[in-house]
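# Here's a sequence, model it:
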Amino acid sequence: MNHEWIYGRNAVREVLRANRRKIFRLYIQDGVQEKPPIPEIRALAKKINLPVINVTRPQLDQLAQGHQGVALETETYPYCDVVDMIILAHKRQEDPFVLILDVIQDPQNMGSLLRTAEGVGVHGVILPYRETVGITPAVVNSSAGASEHLLIARNNLAQTIAYLKKQDIWVIGLEDVPEAVSPAEVRVDGGIALVVGGEGSGMRQLVRRSCDVLIRLPMRGKIHSYNAAVAGSIALYSIAEKRGWV
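The predicted model follows:
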């Protein structure tokens, strides 16, 4: 079993709250101020009988930068199957809403998108097998632990999109190209999968061709476009708002 160290107060707290991973040890820095969420982290650890080990700052520095005085040793992220997302939507009695991220390589962008996705209530996130950052400790940290409350799968995207279409899920690609339409022109009732392309290059050609429709975000300013994390977050929120979820 592969182990990793989750760091940062919010990330550590959410891993403990979600309790989806096997957890081995919690390190807390000697003399750390008992300000939120440190007391909650201690309480969550006590609830699952997790050892809390006091360590020095240099010891934590060896594990991760930006640890904020805490680090948690866990198994690696537990990916799920796409079908689990469909099941979750049915349990909530909601039309499926999933996010597909095509080759997002920056952990900060990945974390931002996951944080928004969790915040608006998506049923799951799908990543490709290759050329993308996975759910690493850096991503968990940048998502403020939102990754721990999401169903996330790694799949062949073209095959997954074909499967989603068979489930009557409308696939919307977010791409700044001339043929793309405004989000206002696209229906958001029924099952929806939003596809967000990678930084700079956007969606890969096969994934783009698999989309039912492409949308772009209209802009009034002089900047040509948003980055992947901002554009994806705006689109996610816009869809959730039109559905009456936020």
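# Spell out which residues make up each domain of this protein.
Annotated domains of the chain cover 3-75, 82-243 [automatic domain parsing].
# Kindly compare burial across these and name the winner.
With neighbours taken as mean count of other C-beta atoms under 10 Å, those reach their highest mean count in domain 82-243, at a mean of 18. To be clear about C-beta, it is placed using only N, CA and C from the backbone, and glycine gets the same treatment.
# and it, how far out from the chain's middle?
Counting by C-alpha atoms, centre = their mean, to the nearest Å, domain 82-243 is centred 9 Å from the centre of its parent chain.
# how far away is the residue at the greatest distance from the centre of the chain from residue 57?
Distance from the centre of the chain peaks at residue 31, with 32.7 Å (C-alpha atoms, centre = their mean). According to C-beta to C-beta, to the nearest Å, residue 31 stands 9 Å off from residue 57.
# Tell me which stretches of the protein form strands.
3-7, 23-29, 52-55, 70-75, 97-102, 124-127, 152-154, 169-174, 191-197, 213-215 (DSSP state E).
# what packs against the fourth one?
Applying 3 or more C-beta pairs under 8 Å, 6 or more residues apart in numbering; DSSP states H and E, we find strand 70-75 packed against strand 3-7, helix 9-18, strand 23-29, helix 57-63.
# who wins for proximity to residue 91 among those?
Taking C-beta to C-beta, helix 9-18 is the member of the helices and strands packed on strand 70-75 nearest to residue 91, at 17.2 Å.
# Can you check what angle separates that closest one from strand 23-29?
Interaxial angle of helix 9-18 relative to strand 23-29 (axes from the mean of the first three to the mean of the last three C-alpha atoms, to 10 degrees): 150 degrees.
# Show the secondary-structure elements that helix 9-18 is packed against.
Helices and strands touching helix 9-18, by 3+ C-beta pairs under 8 Å, 6+ apart, are strand 23-29, helix 38-47, strand 70-75, helix 137-142.
# The second one vs helix 9-18, what angle?
For helix 38-47 against helix 9-18, the angle by the same axes, to 10 degrees is 30 degrees.
# Contact partners for residue 94?
Residue 94 is in contact with residue 123, counting by C-beta atoms under 8 Å, 6 or more residues apart in numbering.
# Can you check what pLDDT the model gives the closest residue to residue 68 other than its chain neighbours?
In space, and not counting its chain neighbours, residue 68 is closest to residue 9: 4.7 Å by C-beta to C-beta, 6 or more residues apart in numbering. Note on residue 9: pLDDT of 97.
# May I have the longest helix seen in the chain as PDB, with CA atoms only?
In the chain, assigned by DSSP state H, the helix with the most residues is helix 228-243. The C-alpha trace of helix 228-243 is given here as PDB (Å, rounded to 0.1, in the frame of the first residue of the first chain):
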ATOM      1  CA  ALA A 228      -8.700  27.000 -17.000                       C
ATOM      2  CA  ALA A 229      -9.500  27.200 -13.300                       C
ATOM      3  CA  VAL A 230     -11.300  30.500 -13.400                       C
ATOM      4  CA  ALA A 231     -13.300  29.600 -16.600                       C
ATOM      5  CA  GLY A 232     -14.200  26.200 -15.300                       C
ATOM      6  CA  SER A 233     -15.300  27.600 -12.000                       C
ATOM      7  CA  ILE A 234     -17.500  30.300 -13.600                       C
ATOM      8  CA  ALA A 235     -19.100  27.700 -15.900                       C
ATOM      9  CA  LEU A 236     -19.700  25.300 -13.000                       C
ATOM     10  CA  TYR A 237     -21.300  27.900 -10.900                       C
ATOM     11  CA  SER A 238     -23.400  29.200 -13.900                       C
ATOM     12  CA  ILE A 239     -24.800  25.700 -14.500                       C
ATOM     13  CA  ALA A 240     -25.500  25.100 -10.800                       C
ATOM     14  CA  GLU A 241     -27.200  28.500 -10.600                       C
ATOM     15  CA  LYS A 242     -29.500  27.900 -13.600                       C
ATOM     16  CA  ARG A 243     -30.400  24.600 -12.000                       C
END
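# Done for today, thanks.
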